[in-house]
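1. can you look at this prediction? I've put the sequence above it.
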Amino acid sequence: MEGLHRLKTDKNFSLKVLAKYSRISQADMLDETYQHYAVKVMPKVPYPTTKGIQMVLDEIGSRDPKARNLSTSSLIDVSYLKEMEQSGFVKSLYGQ
């Protein structure tokens, strides 16, 4: 949660990390990538979705048939995320 907070609130640091690991050197492309992921895509609380988990299972299932027998609901536990959100931890990170 704190890493996601840093991504969303420390743009300069995030751009450096993004440049290092993506090997993108063009500033405009880095900024566009940052805007897409840090601003538009990633929520403050990253609850997994059954659709997203199913996509992963489908991909793994193409190599390992056992993955096809797993249910998404058996893999998702959002209790820790809910606890962090309900305790006010997330709001405190973002100064709300």
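-> Yes, it's here. Numbering: from 1, shown residues only.

2. can you give me the strands in the protein?
-> Here the chain has no strands by DSSP state E.

3. tell me how many other residues crowd Tyr34.
-> Applying other Cβ atoms under 10 Å, we find 19 residues neighbouring Tyr34. Quick note: C-beta positions are derived from backbone N, CA and C, even for glycine.

4. list the contacts for it?
-> Taking Cβ atoms under 8 Å, 6 or more residues apart in numbering, we find Tyr34 in contact with 11, 14-15, 18.

5. between those residues, which sits nearest Val39?
-> Nearest to Val39 among the contacts of Tyr34: Lys11, at 9.3 Å, using Cβ to Cβ.

6. tally of neighbours for that closest one?
-> The tally of other residues near Lys11 (other Cβ under 10 Å) stands at 15.

7. now it. Nearest residue, chain neighbours left out?
-> Once flanking residues are discounted, Lys11 sits nearest to Tyr34: 6.5 Å by Cβ to Cβ, 6 or more residues apart in numbering.

8. now Ile60
-> Ala67 (4.0 Å).

9. quick check: the one you found touching Ile53?
-> No: using Cβ atoms under 8 Å as the test, Ala67 is too far from Ile53 to be in contact (10.8 Å).

10. who's more crowded, these two?
-> Taking other Cβ under 10 Å, Ala67 and Ile53 do not tie; Ile53 has more neighbours (17 against 14).

11. may I have stretch 72-84 as PDB, with CA atoms only?
-> Taking Å, rounded to 0.1, in the frame of the first residue of the first chain, the C-alpha atoms of stretch 72-84 are listed here in PDB:
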ATOM      1  CA  THR A  72     -11.300 -17.200  -8.600                       C
ATOM      2  CA  SER A  73     -13.200 -16.900  -5.400                       C
ATOM      3  CA  SER A  74     -10.900 -19.400  -3.700                       C
ATOM      4  CA  LEU A  75      -7.900 -17.200  -4.600                       C
ATOM      5  CA  ILE A  76      -9.100 -13.800  -3.500                       C
ATOM      6  CA  ASP A  77      -9.000 -12.600   0.100                       C
ATOM      7  CA  VAL A  78      -9.600  -8.800   0.400                       C
ATOM      8  CA  SER A  79     -10.000  -8.800   4.100                       C
ATOM      9  CA  TYR A  80      -6.500  -7.200   4.600                       C
ATOM     10  CA  LEU A  81      -7.300  -4.500   2.100                       C
ATOM     11  CA  LYS A  82     -10.700  -3.800   3.700                       C
ATOM     12  CA  GLU A  83      -9.000  -3.600   7.100                       C
ATOM     13  CA  MET A  84      -6.500  -1.100   5.900                       C
END
